[in-house]
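Q: show me how the following folds:
(one chain, ligands or ions: 2)
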Amino acid sequence: MLTLNFICMLNLVLFILAFLFMELVAWSNHKYIMHGFLWRWHKDHHQNDREKIALDQMKFSGLEKNDLFFLVYAIPAIILIITGLYLHVYEPVFIGAGISLYGLTYFLIHDMLIHKRIKLPFLQKIQAKYLKAVVEAHLAHHRPKNSTDFNNFGLLIFPNLFKKK
Ligand SMILES: [Zn+2]
Ligand SMILES: [Zn+2]
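A: Numbers count the residues shown, from 1 in each chain. Ligands and ions are numbered 1, 2, ... in the order given. So this is what the prediction gives:
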């Protein structure tokens, strides 16, 4: 019984750690890879940046090349889950689930709430202070002062200054 509890706790910890770790991965990939050597995949997500229109008025024509990054994260998560289930080893399953939950959160917040690629009514009504700050912080990323100054590369964790507005 004690071992079973320990295994459950460990899986839960792995699940939460995988989720949190993904914010670090997303931040560093965004800063050093997407705005680095894979800029050609990410460029179309910034195509509206120079037009002085509100973030939610930006035009996204269906899929972006940038969406390929979802596959980059989804494929390892799926492999971890399927392999774990197949081998009856549950740690990778929970790690894969943590990565997947982060992906879903990123999709809901970044693509639905911030960019409104699909207008989900329940997301339009959100008034939570933290989420408003998340939107402000991401807006700063889309409003660089010059072509090299894209600040704020994370999504859920960002400098405090965005919370004060
Ligand atoms: Zn970017
Ligand atoms: Zn964006």
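Q: wait, what's in contact with the closest residue to Ala18 other than its chain neighbours?
A: With CB to CB, 6 or more residues apart in numbering as the criterion, Ala18 has its nearest non-adjacent residue at 2.7 Å, and that residue is Gly98. Every C-beta, even on glycine, is put in place using the N, C-alpha and C of the backbone. Counting by CB atoms under 8 Å, 6 or more residues apart in numbering, Gly98 touches 14-19, 21-22.
Q: the helix or strand bottoming out on mean pLDDT in the chain: what's the following helix or strand?
A: Ranked by mean pLDDT, DSSP states H and E, the weakest helix or strand in the chain is helix 121-124, scoring a mean of 79. Sequence order places helix 129-142 as the next helix or strand after helix 121-124, per DSSP states H and E.
Q: CA atoms only for that next one, dumped as PDB, please.
A: What follows is helix 129-142, C-alpha atoms only, in PDB (Å, rounded to 0.1, in the frame of the first residue of the first chain):
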ATOM      1  CA  LYS A 129      -5.900  39.600 -13.600                       C
ATOM      2  CA  TYR A 130      -3.200  37.000 -14.200                       C
ATOM      3  CA  LEU A 131      -4.500  36.100 -17.600                       C
ATOM      4  CA  LYS A 132      -4.800  39.800 -18.600                       C
ATOM      5  CA  ALA A 133      -1.200  40.100 -17.600                       C
ATOM      6  CA  VAL A 134      -0.300  37.100 -19.800                       C
ATOM      7  CA  VAL A 135      -2.000  38.800 -22.700                       C
ATOM      8  CA  GLU A 136      -0.100  42.100 -22.100                       C
ATOM      9  CA  ALA A 137       3.200  40.200 -21.700                       C
ATOM     10  CA  HIS A 138       2.700  38.400 -25.000                       C
ATOM     11  CA  LEU A 139       1.600  41.700 -26.700                       C
ATOM     12  CA  ALA A 140       5.000  43.100 -25.800                       C
ATOM     13  CA  HIS A 141       6.600  40.200 -27.700                       C
ATOM     14  CA  HIS A 142       4.600  41.200 -30.800                       C
END
